[in-house]
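kindly generate the corresponding structure for this input.
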Amino acid sequence: MAIRIRSLAAGELVESTDVDQLGRLVAADDSRTWIDLANPAPDLIAAVGRRLGLHPLVVEDIREQNERAKVVLIDDVIHIVAFVLDRDDAVAAQEVDFVLGKGFILSVHAAGWDPMAAHQLKGGVGAVLEQGPDHLLWALVDSIVDGYFPVFDALEDEIDAVQDRVIGQPDRATLQEVFRLRRELIRMRHVVGPSREVFAQLTSREFGLIASENVFFFRDVYDHLIRINEELDVLRELVAGSLEIYLSTINNNLSTIMKRLTGVTVVIAGIGAVAGVFGMSEAATALAGTEGSGFYVVVAITVIASVAGVVLLRRINWL
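Here you go, the predicted model:
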């Protein structure tokens, strides 16, 4: 269902899905109304905007769904853009628009996010609406921010696993995993960073639509975002450290390979030098049994020296 209206007046909660009733419900004395739009069509957004008297720029921003996290005061309403973070194979950010006005709150989001999943709403919408639309706004954004923590925990586990692979047996797939995690953290930074500034403004008491007793609730969300930003910085450092460990491991492996090649070269070069001095023509007489004992002495010395070189190089870990 694209639209759901919940209006509390005189202690009675009325629910409706008829946009034509919206104007009457909002205009009722001492009413507190929540209009929730899930994946709405542009025409529905425009119709709701007209009945709520929203500025055309607010309606346009909601319809375009390509904003960054922000808070804007236009006329007598507050437009807030927040983002829900979800993660399956990769981090996905879904925009959620909130419009807070006198006696109402409008939420616009994709169908994948269920605002009723907020734990503050488990006791019913009426109990939260009774404390004001701004209190309902806090309940919804608090649920969004709380949803960031599982995403960060999953990312932290993946980064730990990648670090183990980097230290163990780094390969091209591991490097691709490091860069994928780095891209996800950058994407999350574009969401989490501006969100902190949004709630810093909401707690500054500059908006009259947010009651002073509810400012403390928004400050709690702001504190959560500070923790999340700090954790994001730590995760970025861990990923950067994983990349450095990968490069160091590859360089160390290359050095090991070069040492082994050098050791093999030393042994083979020694044999080649002796063979070059005495010449391959001696082999024919040796096979015919007419070669003197000196040939065999040189061969024995060459073999013993080669074996000794191999033993020495293995002892210094060059082979």
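
residues in contact with R51?
Contacts of R51 were listed using Cβ atoms under 8 Å, 6 or more residues apart in numbering, and they are V19, L22, G23, V26. C-beta coordinates here come from the backbone N, C-alpha and C atoms, glycine included.

of those, which is the nearest to I304?
Of all those, V19 has the smallest distance to I304: 97.5 Å, by Cβ to Cβ.

wait, doesn't the closest one sit right on L44?
Yes - between V19 and L44 there is a contact under Cβ atoms under 8 Å: 6.9 Å.

what do those two both touch?
Joint contacts of V19 and L44 (Cβ under 8 Å, 6+ apart) are I3.

how about the helices of the stretch 51-200 of the chain, start to end?
56-64, 125-129, 133-146, 148-168, 172-202 (DSSP state H, counting those that start in this stretch).

figure out which of those helices is closest to F217.
Minimum separation from F217 across these (Cβ to Cβ) falls at helix 133-146, 4.4 Å.

how about that closest one: buried residues?
Neighbour-count burial for helix 133-146, counted by 16 or more other Cβ atoms under 10 Å, picks out 133-145.

just say which of the helices of the stretch 51-200 of the chain is most tucked in.
helix 133-146 (a mean of 22; mean count of other Cβ atoms under 10 Å).

between it and helix 172-202, how many degrees?
160 degrees (axes from the mean of the first three to the mean of the last three Cα atoms, to 10 degrees).

give the other helices and strands that helix 133-146 contacts.
Helix 133-146 sits against strand 32-38, strand 77-87, strand 91-101, strand 104-109, helix 125-129, helix 212-278, with contacts defined as 3 or more Cβ pairs under 8 Å, 6 or more residues apart in numbering; DSSP states H and E.

what angle do that helix and helix 212-278 make?
Going by the same axes, to 10 degrees, helix 133-146 makes 20 degrees with helix 212-278.

can you give the contact residues for helix 133-146?
Residues from elsewhere that reach helix 133-146 (Cβ under 8 Å, 6+ apart): 32-34, 80, 82-84, 96, 98, 100-101, 103-105, 107, 115, 117-121, 125, 128-129, 195, 199, 209-211, 214, 217-218, 220-221, 224-225, 228.

show me how far that helix is from its chain's centre.
Mean C-alpha position of helix 133-146 versus that of the full chain (Cα atoms, centre = their mean, to the nearest Å) differs by 22 Å.

also stretch 54-71?
With Cα atoms, centre = their mean, you get 25 Å for stretch 54-71.

do stretch 196-212 as well
The answer for stretch 196-212 is 27 Å, by Cα atoms, centre = their mean.

now the end-to-end length of that stretch.
20 Å (Cα to Cα, to the nearest Å).

what about it, average pLDDT?
Per-residue pLDDT over stretch 196-212 has a mean of 85.

and what of stretch 63-81?
Average pLDDT, stretch 63-81: 86.

all set, thanks.
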